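In: Mind folding the following:
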Amino acid sequence: MFRATRPLANALKRSTGIAGLAVHPNPLPQLTKTYEQTLSLLASIPQSSVYRQGVEALTLRKLNIVHNAGGDINAVEKQLDEGQIEEALDIASDELKLAAKMIEWKAWEPLEEKPEAGQWEYAATAPPS
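Out: Modelled structure (predicted):
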């Protein structure tokens, strides 16, 4: 009897089972490239930007997971905890697009108009969870 192991199943994977999300033939190099492109874009955002600090830390963590997995897709999927590797690639692509938009919007700059008094007070008065 033929027993399909997980690595063999990945090699034979024909569908993600998610509508609109195709199986990527070689996802780890693409994931690495996407993370590196995101880090490159983030370098043009000031280091004081909270967005840059958060995304840079998260992207570096994810990139280290991919590098340390030694090509094992299952290990990457498990450590990233973002579903299938194609889903992780989709998330990384979305973050890359968002980083480009944040640069376009210059989201780190002060607001052009001062917010109305009390506009952000609701966050401070929210009951503790």
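
In: List the buried residues in the helix ranked longest in the chain.
Out: Assignment by DSSP state H gives helix 85-105 as the longest helix of the chain. Across helix 85-105, burial judged by 16 or more other C-beta atoms under 10 Å covers Ile85, Glu86, Ala88, Leu89, Asp90, Ile91, Ala92, Glu95, Leu96, Ala99, Met102. Using the backbone N, CA and C atoms, a C-beta is placed for each residue, glycine as well.

In: Return the residues in contact with the residue sitting nearest the centre point of the chain.
Out: Among the residues of the chain, the one closest to the centroid is Ala92, at 3.6 Å (C-alpha atoms, centre = their mean). Shown in contact with Ala92 (C-beta atoms under 8 Å, 6 or more residues apart in numbering): Leu31, Thr34, Tyr35, Thr38, Lys62.

In: now do 7 Å
Out: Leu31, Thr34, Tyr35, Thr38 (C-beta atoms under 7 Å, 6 or more residues apart in numbering).

In: So, low pLDDT: which residues of this protein?
Out: Low-confidence segments of the chain (pLDDT under 70): 1-11, 123-129.

In: What are the boundaries of the helices in it?
Out: 6-11, 27-42, 50-68, 73-80, 85-105, 121-124.

In: For those, give me CSV that also has distance to Leu21.
Out: Putting those into CSV (distance: least, C-beta to C-beta, whole Å) gives the following:
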stretch, distance to Leu21
helix 6-11, 15
helix 27-42, 12
helix 50-68, 19
helix 73-80, 14
helix 85-105, 5
helix 121-124, 35
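
In: out of these, nearest to Lys114?
Out: Closest to Lys114 of those is helix 121-124 (C-beta to C-beta; 14.5 Å).

In: Check the buried residues of helix 85-105 and tell me the two furthest apart.
Out: Across the buried residues of helix 85-105, no pair lies farther apart than Ile85 and Met102, at 25.6 Å, counting by C-beta to C-beta.

In: Next, the contact list for Gln30, please.
Out: His24, Leu89.

In: Excluding chain neighbours, give the residue nearest to Ala75 in space.
Out: In this structure, Ala75 finds its nearest non-sequential neighbour in Ala69, 4.3 Å apart by C-beta to C-beta, 6 or more residues apart in numbering.
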